[in-house]
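A.B. asks: A predicted structure for the sequence below; I have some questions about it.
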Amino acid sequence: MAKKRKKRKEIKRKLLHKYRLVILNENTFEEKISFKLSRLNVFITGSLFIVCLIAFTTLLIAFTPLREYIPGYSSTKLKKQATELTYKTDSLVTVLNYTNKYLDNIRMVLNGDVTNNKINRDSLFEQFKIDPSTIDLTPIKEDSVLRAQVALEDKYNLFERSTKNINQILFSPINGTITQEYDPNKKHYAIDIVAPSGTPVKAVADGTVIFSEWNTETGYVIILEHKDGLLSVYKHNGSLNKEQGEIVRAGEVIASVGNTGELTTGPHLHFELWSNANPANPKDYIDFK
């Protein structure tokens, strides 16, 4: 027991034994600062410093954005932002694909390219067709009465019905002489109309200018986009009055007849119509007189 007590006293003496820490001037050995320390004080002070440092680091990580720089740390806000960016990326990819297809159609219009392998849209609905033989087509009493009533009203209708072709809904771009007709066999997907240089070229319908630039082969070209997937193309112009993105009205002057481009043979308008990226005969839509 005496040895244990002696040992404890020795440990206590070492812990409480005072030491003096002195900071001297190296050149003059003048005493600048001095501290009286013990091993117990050093141990307690060091422990408190470590605890405070751990607490400060924990608070810094928990309540500041620095936690996001820790590898493997999961942030709800970052996950939400990543999800939103993923959706936006998918949307942008979809828009980009549609834009690329749209630009491909414009390229086809400018180059006069037509894909030979056309899809027969009617064949897409073959599986949904209904066999008429399986349906009872006998008219009911109400249907017969309605048919008789409509027939009677039409018989005494005093208003003259229009017999004009509904396809002829567009205005003629210029008045002139047609020198070359629409001929798909010769890959001439347009009609050429001869007119004096400077003759105003008018928009055939309301639309938006989607192209208005110079082309080496066809000179000054302007393309209008109309409703129902219809495009009107005007080539070999002498000048352009509208820029890309402008809205034009039917009959509004958009260019003037010219003789520009390598493929021109004189002052004329090379006029094309494209419906859903397929060439169309302008005479099916316009009455050129």
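C.D. replies: Good, I have the coordinates.

A.B. asks: ok, the closest residue to Phe35 other than its chain neighbours - how many residues close by?
C.D. replies: If you skip the residues right next to it in sequence, Phe35 has Leu21 as its closest partner in space, 4.2 Å away by CB to CB, 6 or more residues apart in numbering. All C-beta spots, glycine's among them, are computed from the backbone N, C-alpha and C. Using other CB atoms under 10 Å, the number of residues around Leu21 comes to 10.

A.B. asks: against Ser34, how distant is Leu21?
C.D. replies: Distance, Leu21 to Ser34, by CB to CB, to the nearest Å: 7 Å.

A.B. asks: low pLDDT regions in the stretch 101-250 of the chain?
C.D. replies: Low-confidence segments of the stretch 101-250 of the chain, defined by pLDDT under 70, span residues 112-139, 142, 149-169.

A.B. asks: tally up the residues packed near Thr264, please.
C.D. replies: Look at Thr264: counted by other CB under 10 Å, it has 17 neighbours.

A.B. asks: which helix or which strand is home to it?
C.D. replies: Following DSSP states H and E, there is no helix or strand that holds Thr264.

A.B. asks: isn't it right next to Gly219, touching?
C.D. replies: Yes - the pair Thr264 and Gly219 qualifies as a contact (CB atoms under 8 Å) at a distance of 6.4 Å.

A.B. asks: now the common contact residues for the two.
C.D. replies: Taking CB atoms under 8 Å, 6 or more residues apart in numbering as the contact criterion, the residues that touch both Thr264 and Gly219 are His236.

A.B. asks: neighbours of Ile61, just the number please.
C.D. replies: 15.

A.B. asks: I'd like the average pLDDT over the host helix or strand of Lys9.
C.D. replies: Under the criterion DSSP H and E, the helix or strand holding Lys9 is helix 2-16. Model confidence over helix 2-16 averages 75 on the pLDDT scale.

A.B. asks: contacting residues around it?
C.D. replies: Applying CB under 8 Å, 6+ apart, the set of residues contacting helix 2-16 is Ser38, Arg39, Leu40, Phe43.

A.B. asks: could I get these as JSON lines with distance to Lys80 and neighbour count?
C.D. replies: Formatted as JSON lines, those follow (distance: CB to CB, whole Å; neighbours: other CB atoms under 10 Å):
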{"residue": "Ser38", "distance to Lys80": "55", "neighbour count": "14"}
{"residue": "Arg39", "distance to Lys80": "53", "neighbour count": "14"}
{"residue": "Leu40", "distance to Lys80": "52", "neighbour count": "13"}
{"residue": "Phe43", "distance to Lys80": "47", "neighbour count": "11"}
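
A.B. asks: distance from the helix holding Lys9 to the middle of the chain?
C.D. replies: Relative to the centre of its chain, helix 2-16 is centred 83 Å away, using CA atoms, centre = their mean, to the nearest Å.

A.B. asks: ok, stretch 85-98 next?
C.D. replies: When C-alpha coordinates are averaged (CA atoms, centre = their mean), stretch 85-98 and its chain have centres 7 Å apart.

A.B. asks: just the CA trace of that stretch, in CSV.
C.D. replies: What follows is stretch 85-98 as a C-alpha-only set of coordinates in CSV (Å, rounded to 0.1, in the frame of the first residue of the first chain):
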residue,chain,number,x,y,z
LEU,A,85,-31.2,19.7,-65.1
THR,A,86,-31.8,16.1,-66.3
TYR,A,87,-35.4,17.0,-67.3
LYS,A,88,-34.2,20.2,-69.0
THR,A,89,-31.5,18.3,-70.9
ASP,A,90,-34.1,15.8,-72.2
SER,A,91,-36.3,18.6,-73.3
LEU,A,92,-33.4,20.4,-75.1
VAL,A,93,-32.5,17.1,-76.8
THR,A,94,-36.0,16.7,-78.0
VAL,A,95,-36.2,20.3,-79.3
LEU,A,96,-32.8,19.8,-80.9
ASN,A,97,-34.0,16.7,-82.8
TYR,A,98,-37.1,18.6,-84.0
